[in-house]
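A.B. asks: I would like to see how this sequence folds:
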Amino acid sequence: MYPIHLLETKPQTTAHLAQTMTLLSMNSAELRQKIESELANNPALELLEARRCRACGRLLVESNPCPICSQPYSPEALEPIVFTSARNDFFQSHRTGSSHNISPDDLPEDNLAPVLDLPTFILRQIAPELAEEDRPIAAHILTSLDEDGLLPTPLLEISRYHHVSIERVTRVIKLIQHSEPIGAGSSSPQEALLVQLEVLSNSRQTPEHIERAIREGMDLLSRHHYTKLGVLLDITAEEAEEISKFISTNLNPYPARSHWGSIRQGSEPTPHAYHQPDILISHLNGQPDGPLVIEILFPVGGSLRINPLFRKVFKNAPSEKIEKWQKDLETANLLIKCLRQRGNTMRRLLSIITQHQRDFILQGDKHLKPITRASLAQTLEVHESTVSRAVSGKTIRLPNGRIIPLSKFFDRSLPIRAMIREMIDSEKEALTDSQIAGKLGKKGYSIARRTVAKYRSMEGILSARTRQSMART
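C.D. replies: Residues are numbered from 1 along each chain as shown. This next block holds a predicted model:
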């Protein structure tokens, strides 16, 4: 027989675990739906406007992060800084300087859907800075984008259609270009690359001469003519090749193809899906050599708590209401506790992942280190299913602006696929799958020819015969 107190607490513990696992598997959009539904239906639950740190409970000022939890333990430490902030804070902190007090929630469309079409996705990002009278211009531009996210319509034509100055249309274009996916709304792949380079240069160092290479040497870059590009830029062929590799790794000439931040979608059709990130990674104080800052976006501002008025009224509840009100109180308490537990789990998990994968985050796919959900679960001392739920459906934005699924940190084929891309990018003559398998074998990766063909297909790379034929053409 179990003791009486264990029998009494077991149902609550089971409910707590089940609720925590359910919340853990939700992305920020789904979590927002859950919270808003509970706020609408449960009178015992209240959203307090005052913001507190979700880790230490400290009262926060305006939209600033916690002054304690968002700082490194020591200036020399490279341990990542992981904290939670409200999604609204992210919008405000990245849209400063606007005189138009419009939030994404002011738009008529449903802002809870995790997958959006490109025009809606961009419109909701630029809403805080977009004057109401400029919305028709933005809508015209966004609905005119082609499947690559580029704008084939001349700006002069748009300005004449709306009877506004071309400067006003240009201001709207710049808002669109600097939203996700960065470069959308550009008139050409070249302009999209220049916009992305401008944004990227604010957070990390970029190769010298890269802007001129894009402006003057796009044809040479696309044909891998590094010697000629070097002559044009007055640099060595090796430096020109490094510029090409940097562009290939970090920039995207076709912004609308950037599903999960990659232009290589493989042979299978992929629907256009654009996601708000659930997690942001940035450099502390913009220093690439310093600690990484991991910001977990919580979908609502303020703090959830038990409604004090409800608690007071509950003491004098009529007999026919006691059972229902008691259930409301327990449900609200459980949600608050489970959300806290979800936050703690996500912070611990992301701290370990980002420490282990720092090189991948900063240097690209080739530097991904092997890690499994099982090994991570063992480190965290949780069940493997807990890690799977925490990773599932979440997206993360890297310091270079790429949005990738959190599950990509566990993709063991990624470094090999990156090496295959690198080999093919630098090939003088088209390498066959067997030749690539042989080169990988010399690097310590023993994989079959058909596996190379599979990875090449996943990267959207054509066969050796087709590449050779195109080169001749």
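
A.B. asks: Can you get me the start-to-end distance on stretch 282-290?
C.D. replies: One end of stretch 282-290 sits 10 Å from the other (Cα to Cα, to the nearest Å).

A.B. asks: domain parsing for the protein?
C.D. replies: With domains defined by automatic domain parsing, the chain comprises 11-65+276-410, 115-261, 415-472.

A.B. asks: Quick one: mean pLDDT over the first one.
C.D. replies: Pointing back at domain 11-65+276-410 there. Mean per-residue pLDDT for domain 11-65+276-410: 85.

A.B. asks: so how far is it from its chain's centroid?
C.D. replies: Counting by Cα atoms, centre = their mean, to the nearest Å, domain 11-65+276-410 is centred 16 Å from the centre of its parent chain.

A.B. asks: Could you do stretch 432-440 as well?
C.D. replies: 33 Å.

A.B. asks: Tell me the buried residues in it?
C.D. replies: Under the neighbour-count criterion of 16 or more other Cβ atoms under 10 Å, stretch 432-440 has 432, 433, 435, 436, 437, 440 buried. From N, CA and C alone the C-beta is placed, and that goes for glycine too.

A.B. asks: Equivalent analysis for stretch 333-345, please.
C.D. replies: For stretch 333-345, by 16+ other Cβ under 10 Å, it's 334, 335, 336, 338, 339, 341, 342, 343, 345.

A.B. asks: just stretch 41-50 next, same as before
C.D. replies: Of the residues in stretch 41-50, 42, 43, 44, 45, 46 count as buried by neighbour count, 16+ other Cβ under 10 Å.

A.B. asks: Now for the fourth one: which residues touch it?
C.D. replies: The neighbours of residue 45, taking Cβ atoms under 8 Å, 6 or more residues apart in numbering as the test, are 38, 39, 304, 305, 306, 307, 328, 331, 332, 335, 336.

A.B. asks: mind checking how far the first one is from residue 324?
C.D. replies: For residue 38, the distance to residue 324 equals 15 Å [Cβ to Cβ, to the nearest Å].

A.B. asks: With neighbour numbers in mind, choose between the two.
C.D. replies: Set side by side, residue 38 and residue 324 show more neighbours around residue 38, with 18 against 11, by other Cβ atoms under 10 Å.

A.B. asks: how much space between that one and residue 334?
C.D. replies: According to Cβ to Cβ, residue 38 stands 10 Å off from residue 334.

A.B. asks: Check residue 351 too.
C.D. replies: As judged by Cβ to Cβ, residue 351 and residue 334 stand 26 Å apart.

A.B. asks: Can you show me the helices along the stretch 301-450 of the chain?
C.D. replies: Taking DSSP state H, counting those that start in this stretch, the helices of the stretch 301-450 of the chain run over residues 308-314, 319-356, 358-363, 373-380, 384-391, 414-425, 433-442, 449-458.

A.B. asks: what's the fourth one packed up against?
C.D. replies: Meaning helix 373-380. Contact analysis of helix 373-380 by 3 or more Cβ pairs under 8 Å, 6 or more residues apart in numbering; DSSP states H and E lists helix 319-356, helix 384-391 as its packing neighbours.

A.B. asks: got the contact list for residue 143?
C.D. replies: Applying Cβ under 8 Å, 6+ apart, we find residue 143 in contact with residue 119.

A.B. asks: repeat that for 10 Å
C.D. replies: Going by Cβ atoms under 10 Å, 6 or more residues apart in numbering, residue 143 touches 117, 118, 119, 123.

A.B. asks: and if you look at residue 314?
C.D. replies: Residues near residue 314 by Cβ under 10 Å, 6+ apart: 43, 44, 306, 307, 321, 322, 325, 326, 328, 329.

A.B. asks: ok, the fifth one to residue 198 distance?
C.D. replies: Okay, so that is residue 321. Look at residue 321 and residue 198: by Cβ to Cβ, they are 61 Å apart.

A.B. asks: again with the third one
C.D. replies: Computed with Cβ to Cβ, the distance linking residue 306 and residue 198 is 48 Å.

A.B. asks: Then the last one?
C.D. replies: Residue 329 sits 53 Å away from residue 198 when distances are taken as Cβ to Cβ.

A.B. asks: Likewise for the fourth one?
C.D. replies: For residue 307, the distance to residue 198 equals 48 Å [Cβ to Cβ].

A.B. asks: So the two - more neighbours on which side?
C.D. replies: Using other Cβ under 10 Å as the criterion, residue 307 and residue 198 rank with residue 307 on top: 19 against 15.

A.B. asks: For the closest residue to the more buried one other than its chain neighbours, give its distance to residue 314.
C.D. replies: Leaving out its chain neighbours, the residue that sits closest to residue 307 by Cβ to Cβ, 6 or more residues apart in numbering is residue 46, at 4.0 Å. Separation of residue 46 from residue 314 (Cβ to Cβ) stands at 13 Å.

A.B. asks: Can you give the distance of the helix or strand hosting residue 191 from its chain's centre?
C.D. replies: Per DSSP states H and E, residue 191 falls inside helix 189-200. Between the centre of helix 189-200 and the centre of its chain there are 19 Å (Cα atoms, centre = their mean).
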